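A.B. asks: Below are the sequence and a predicted model; questions follow.
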Amino acid sequence: MSTNNSVKPAVMALPVGHTTPMVSTVQLCIGKPFRQPINQPDSDQYSQGLEIWLLDSPGNIGLFAMLGGTLTIIKSGTNPYNAIKIAVDTVSLTRLNNIQPRLEPHIKTIYYDNIDIDLTKTAIVNLIKNAYNSAGSSAQTWHPILRIKRGSQTIKSLIDAGGSSSVDTIIGNIVQTSIDNALPLFVNAGDLIASAALPPSGTTQPSNCTFSSPRMFTIITEEYALNRLNPTYYIWMYLKSAFNSKTSLRFVSLITAVGNSGSTFSHPLLNSSALNIDMSVKVLPRVYYRFASNPTADVVLFPVGDLANWHGHSFTKKGVVSQSAIQWKLGNDDSLYYQTQVTPGGETSMSALNIVYAIGTCGNTVTPRVDVCLTPMSVANHNHPSDYDLIQTTWSNWMGPINEFCKEFQFPAEYLISAITQESGAGQRKLAIEILKDSNRANLAGKISDDIITAYDAIAPAYNVIVPDPIPLNSPVKPSKSTLTWDQLLQIINIDSSRTSPGLVQTLVGTARGSLNNLSSLYPDIPGFFNVDPIPTSDRDLFEWLLVGRQSLLAAVVYHKQNYVSHKSALDLPLVDACYNAGSLNPVKVIGKYPNPWLVRYSDVHYPLFTSRYYNATKDDEDTNSSNPQPIVLTSQFWKSL
């Protein structure tokens, strides 16, 4: 497979049957199907990764590194099985990031669970020995495993200085010490690094396997926020890049012979008897679930995962680490509430900033007071019953596209409901007009008259402006404050669209443009697939396009997913809010301080207070308030983790 690409591709190998140039004849079958680790009665019938069974014969049970990275061997005791962990190296991740656009983060960590520890040691010993025997005089040409340090010396230096001990003995001791102390090694994609182990006690091979003597292991793939996504999804996505019809878009170099024919493959792992990979057929990163109460409806369930642990946010600048004054989590129980508590020392740090905040009250927010709402919150113990009326308005008006888009893009619908309710109160023709920055004024200079800019300045900032339908172009936007007409505002937007946020979810016009442009590469027919109007080419027309609620929702969900993919939001509510509301996690300094208890950026420091209330009210409504006019039944939502 050739590439003609100025950007070096990431190197990838299949984890089993890695040979070249001939396609492997490895004998395998696929075990329990993947499902993200949600807590359901049938969870024992599913795997958190890709379960592979192998015939126990020499040459058939070897496991290969899918991507290059730092390898650690995890012995059973702290882990149910012996396992290998590969933290994908930054070079590979940087190269994989060239695959654009995409709707999920890349693999950050790969686990091979249930490895044979003795055969794995032999594989690593042989890897180091072969690397040592072929090492030249230049360290840059060595296999990177030889450059790993133990103390002040590289592994190669330790072998060189072995004295009377044999090379085999020295390498064996290095590997054993690495296993005993979980010390890191480095491997390249395609390196033979392990062997599958015998099945754990009580485990039986699937009915489609008839191996007289089987072995098995499981591949688990985690992204940066420690969510476990479908390994087959990643294999599919990387194969699509490796075999892209445009050589300039091949950002993966596959070094395993896979026998591709069109969009399918003959390799035993990929063919119709195993994963049945067809590059033209989408593979889901999270699989659907069907509740017994509604057995025909597919839903996406997001395990709470590490969000169930108390955590805050830290920010480092010039070596100085700041820590948020509060911590938060999602409850891994039936409520799934967002909850908060004071970070140890948090009250002292906030007092030093002269910011008064309270946990346990949801009273009116008065600057500089920042209320951090009592959570968990339910009908019985919070004093904002209007929250339910607000989210009911959002849900009853927009339940269809909320569920449709959140399911398609696999984004938690609770977050979108919270964003809609906070941003516009479910008003699809609401508008926010922001103050012009110096960069905006530079863009407008010489293109828009000073009189029009002065008239704009007289309005901004302005929120909850209602855009008439149809727009009266020659009428003032806010006649009590300025002569700026709607047509003049649209003239500004057509040149600089980064300061106006129209529509149901109040996405900046410029931000929506970028998100929709990226989406078009994945969905060439956006109007046909999503049942929306054609996307206008001018930003003044895109402004009006966003005033249609369904279209505003589409742009917002795509932008939310982009923030998750870009390693920012981590599907963590305060971080999701910051990325959407302010476009950044970095807190804004005020007199050299960071004046909010969340320590992330918001245009309004009370923003996460309200969205967390709306999130909790949504969970209440979804779970218990079936008497409401429109009970909230989501097709994409958080769920308890295993």
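C.D. replies: Nice, thanks for sending it over.

A.B. asks: what about the residue lying farthest from the centre of the chain, distance to residue 220?
C.D. replies: Note on the chain: the largest separation between a C-alpha and the mean C-alpha position, by CA atoms, centre = their mean, falls on residue 164 (51.8 Å). Counting by CB to CB, to the nearest Å, the gap between residue 164 and residue 220 amounts to 43 Å. All C-beta atoms are positioned from the backbone trio N, CA, C, and that covers glycine.

A.B. asks: quick one: residue 393 is in a helix?
C.D. replies: Yes: according to DSSP: H, G, I helix; E, B strand; the rest coil, the state of residue 393 is that of a helix.

A.B. asks: Would you confirm that it contacts residue 426?
C.D. replies: Yes: the criterion here is CB atoms under 8 Å, and residue 393 meets it with residue 426 at 4.7 Å.

A.B. asks: Pick out whichever of those two has more residues nearby.
C.D. replies: Summary of the neighbour comparison: residue 393 and residue 426, criterion other CB atoms under 10 Å, with residue 426 having more neighbours (21 against 16).

A.B. asks: show me the contacts for that one.
C.D. replies: When contacts are counted by CB atoms under 8 Å, 6 or more residues apart in numbering, residue 426 is found next to 390, 393-394, 397-398, 420, 504.

A.B. asks: ok, now residue 69?
C.D. replies: For residue 69, the contacting residues are 86-89, 92, 110, 186-187, taking CB under 8 Å, 6+ apart as the criterion.

A.B. asks: Kindly report the same for residue 513.
C.D. replies: With contacts taken as CB under 8 Å, 6+ apart, residue 513 has the following neighbours: 497, 539, 542.

A.B. asks: same question, residue 92
C.D. replies: Counting by CB under 8 Å, 6+ apart, residue 92 makes contact with 10-11, 67-69, 189.

A.B. asks: and it, what element?
C.D. replies: Per DSSP states H and E, residue 92 falls inside helix 90-96.

A.B. asks: Mind listing what's buried along that helix?
C.D. replies: Neighbour counts over helix 90-96 (16 or more other CB atoms under 10 Å) mark 92-93, 95-96 as buried.

A.B. asks: Not including adjacent chain positions, what is the nearest residue to residue 578?
C.D. replies: Here the nearest residue to residue 578 in space, its sequence neighbours aside, is residue 600; by CB to CB, 6 or more residues apart in numbering that works out to 4.0 Å.

A.B. asks: SS state for the one you found?
C.D. replies: Residue 600 - assigned by three-state DSSP - is coil.

A.B. asks: Residue 574 is in contact with that one, correct?
C.D. replies: Yes: with contact defined as CB under 8 Å, residue 600 reaches residue 574; the gap is 6.1 Å.

A.B. asks: okay, and the common contacts of these two?
C.D. replies: Common neighbours of residue 600 and residue 574, counting by CB under 8 Å, 6+ apart, are residue 313.

A.B. asks: Please list the residues outside stretch 386-402 that contact it.
C.D. replies: Contacts of stretch 386-402 (CB under 8 Å, 6+ apart): 379, 413, 416-418, 420-421, 425-426, 504, 549-550, 553-554, 613-614, 617-618, 620-621, 625, 628-630, 632.

A.B. asks: are any of the residues you listed buried, and which?
C.D. replies: Applying a neighbour-count criterion of 16+ other CB under 10 Å, the buried members of those are 413, 416-418, 420-421, 426, 504, 549-550, 553-554, 613-614, 617-618, 620-621, 628, 632.

A.B. asks: neighbours of residue 210, just the number please.
C.D. replies: There are 10 residues near residue 210, going by other CB under 10 Å.
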